[in-house]
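J.: model the structure of this input:
(one chain, ligands or ions: 1)
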Amino acid sequence: MPRLSMLPTMVREVFGKPTLPREPEPCLVMEDAEQVAAYTHAGRLDGVMAAAYLFHSAQMTAVLSGRKRVVDLGCGPATQLAQLAALNPETEFVGVDLSATMLAQAQAYVAQKHLTNVSFHQADITCVRDFPDGSFDGVISTMALHHLPTYEHLRATYQEMRRLLAPGGAIYLADFGRMKSLKSVIFFAYFKAKGQPHLFILDYERSLRAAFLHEELAHLAAQEFPSDTETFATKFMPILTVTRTPAPRIDPAKCAQLQKMRHDLPRSYRAELDDIRMLFRLGGLQNDPFTKGAQNVRSLELPPSGTFDKHS
Ligand SMILES: C[S@@+](CC[C@H](N)C(=O)[O-])C[C@H]1O[C@@H](n2cnc3c(N)ncnc32)[C@H](O)[C@@H]1O
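T.: Model prediction:
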């Protein structure tokens, strides 16, 4: 996200009237090999999504602290999931996606990274079925919810998350929020897309058009999730949203690791990460895992140990 060049979009989004209807994604499940390759390529850790991936990995590391078994709904090629799993080797992760093409990319990627705490499962996130109630003490999903065809599918997915989650479990959901105007969508799609394959640009534009409103996501979370779940959006223009339960104190060693990862980003991605942090902070998301002593403490009500060991 650029600083100065963002200003006209911010002004338009703050003062304009909402004119952009939701247009569901034409490819709900990403099966097409070329589309998957473009998304995977653009998304790998040195790609254009590096800043957003690191932001969410940091937030999720804080929110999931102390959790044993976490499911990622709509894991795609597992770029985000692999980064999170490497940061949290003590946690077991299960990635769920309906696309066999995506899951093949994901399997190969975690094998290449020598990660032993990630497995995958092919299923529809609106109705995962194969896992019993309360199978996980953490549920996450990043950039997948806008792929659902309707608000009712989103509700079904939230209800499925609630079913899968053990009492006291942690939630972290990240997705785009729909902006007010098509001009803003085009600005972000084409700014971000410089040097990217055409299919990725198109995919990004379609994702922004398919996004649910921040208010819709917040409303549904308030209806379906525990009362300490909150939904935040980037201030001025809700292009990114996060729904999450509070974060316990983050392990100082992980905080240091995250600071180093931020430092090692190329300069432009680091600036983008800092913009995302600032816009979320202004949007009310106060804890910042990149800052020492970051916390938003709640007492952890973890289920007795062993609860999550019995399911395969
Ligand atoms: C844009 S990708 C996001 C991938 C990853 N979470 C990330 O942050 O990069 C969205 C993924 O959701 C998957 N998806 C869409 N609808 C789904 C459904 N109903 N059930 C399972 N997966 C779904 C797609 O196949 C795709 O892999």
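
J.: poorly predicted segments of the stretch 151-300 of the chain, please.
T.: Segments of the stretch 151-300 of the chain classed as low confidence (criterion: pLDDT under 70) are 192-195, 292-300.

J.: ok and the residue in it nearest the ligand?
T.: Taking C-beta to the nearest ligand atom as the measure, the point where the stretch 151-300 of the chain comes nearest the ligand is S207, at 6.6 Å. Every residue, glycine included, has its C-beta placed from N, CA and C.

J.: can you tell me the element that residue falls in?
T.: helix 198-210 (DSSP states H and E).

J.: also V96?
T.: strand 92-97.

J.: given that strand, what are its sheet partners and their directions?
T.: Take DSSP bridges as the rule and strand 92-97 pairs in its sheet with strand 69-73 (parallel), strand 118-122 (parallel).

J.: ok, and does the first one reach over to the ligand?
T.: No: with C-beta under 6 Å from any ligand atom as the measure, strand 69-73 is seen stopping short of the ligand, the closest distance being 6.7 Å.

J.: how about the helices in the stretch 1-150 of the chain?
T.: Here the stretch 1-150 of the chain has its helices, by DSSP state H, counting those that start in this stretch, at 7-15, 33-43, 50-63, 79-87, 100-112.

J.: quickly, which of these bottoms out on average pLDDT?
T.: Lowest mean pLDDT within those: helix 33-43, a mean of 71.

J.: any idea how far the strand holding V96 is from the chain center?
T.: 14 Å (C-alpha atoms, centre = their mean, to the nearest Å).

J.: list of residues touching that strand?
T.: When contacts are defined by C-beta atoms under 8 Å, 6 or more residues apart in numbering, strand 92-97 is touched by residues 68-76, 78, 81, 84-85, 103, 106, 117-123, 125, 128, 131, 136, 308.

J.: now, of those, which are buried?
T.: Buried by 16 or more other C-beta atoms under 10 Å: 68-76, 78, 81, 84-85, 103, 106, 117-118, 120, 123, 125, 128, 131, 136, 308, out of the contacts of strand 92-97.

J.: flag every residue of this structure that's near the ligand.
T.: When proximity is defined as C-beta under 6 Å from any ligand atom, the chain approaches the ligand at 28-30, 43, 74-76, 79-80, 97-99, 102, 124-126, 142-144, 147.

J.: wait, L54 touches D264, no?
T.: No: under the criterion of C-beta atoms under 8 Å, L54 lies out of contact with D264, with a separation of 9.7 Å.

J.: out of the two, which sits in the more crowded spot?
T.: Neighbours were tallied for L54 and for D264 using other C-beta atoms under 10 Å; the higher tally belongs to L54 (25 against 10).

J.: remind me, longest helix of this protein?
T.: Ordering each helix of the chain by length in residues (DSSP state H) puts helix 267-282 first.

J.: what packs against it?
T.: With contacts defined as 3 or more C-beta pairs under 8 Å, 6 or more residues apart in numbering; DSSP states H and E, the packing partners of helix 267-282 are helix 50-63, strand 240-244, helix 252-264.

J.: go through the first one and flag the buried ones.
T.: What that stands for is helix 50-63. Neighbour-count burial for helix 50-63, with 16+ other C-beta under 10 Å as criterion, is recorded at 50-63.

J.: now for it, which elements pack on it?
T.: On a contact count with 3+ C-beta pairs under 8 Å, 6+ apart, helix 50-63 meets helix 79-87, strand 136-142, strand 165-176, strand 240-244, helix 252-264, helix 267-282.
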